[in-house]
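Student: Sequence and predicted structure are below.
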Amino acid sequence: MSLTLYEINSSINDARRTIENADESTERMCRLIIGRLRHVESRFVLKEIKRELRDYNMNTGTWK
């Protein structure tokens with residue numbers, strides 16, 4: 001099965017739109033989980049969140 005150039009471009013554009021929609025809703029999703037992180041059972045998930053937040057500088061409001 002081979003895809004046409006149009007189908008490939010269409011798929012890439014769909015992926016871009018999906019990523020843009022996810023980026024736009026990230027802050028709303030984060031607001032939902034504030035206060036609920038204590039219910040996360042997976043230590044791995046919490047470890048990954050903590051690792052990600054380590055790269056954020058609260059004083060400057062920037063990411064490394």
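Tutor: In hand now; what should we look at? Note that this is a predicted model, so its numbers are computed, not measured.
Student: which residues does S11 contact?
Tutor: By C-beta atoms under 8 Å, 6 or more residues apart in numbering, the contact set of S11 is L3. For glycine as for every other residue, the C-beta is placed from the backbone atoms N, C-alpha and C.
Student: Could you look up the next helix or strand downstream of the biggest helix by length in the chain?
Tutor: The longest helix of the chain (DSSP state H) is helix 5-33. Next along the chain after helix 5-33, taking DSSP states H and E as the criterion, comes helix 43-54.
Student: I'd like the distance from the longest helix of the chain to the chain centre, please.
Tutor: A distance of 10 Å separates the centroid of the chain from that of helix 5-33, by C-alpha atoms, centre = their mean, to the nearest Å.
Student: Mean confidence (pLDDT) on that helix, please.
Tutor: The pLDDT scores in helix 5-33 average 94.
Student: And for stretch 52-64?
Tutor: 93.
Student: buried residues in it?
Tutor: Across stretch 52-64, burial judged by 16 or more other C-beta atoms under 10 Å covers no residue at all.
Student: Show the end-to-end separation of it, please.
Tutor: Length of stretch 52-64, first residue to last, C-alpha to C-alpha, to the nearest Å: 10 Å.
Student: Retrieve the pLDDT associated with S2.
Tutor: For S2, the model assigns a pLDDT of 87.
Student: count of residues packed around it?
Tutor: 5 (other C-beta atoms under 10 Å).
Student: That one and I8, how far apart?
Tutor: Distance of S2 to I8, given as C-beta to C-beta, to the nearest Å: 10 Å.
Student: What are the contacting residues of stretch 24-42?
Tutor: Applying C-beta under 8 Å, 6+ apart, the external contacts of stretch 24-42 come out as L46, I49.
Student: try 7 Å this time
Tutor: L46 (C-beta atoms under 7 Å, 6 or more residues apart in numbering).
Student: May I see the buried residues of it?
Tutor: For stretch 24-42, burial by neighbour count (16+ other C-beta under 10 Å) applies to no residue.
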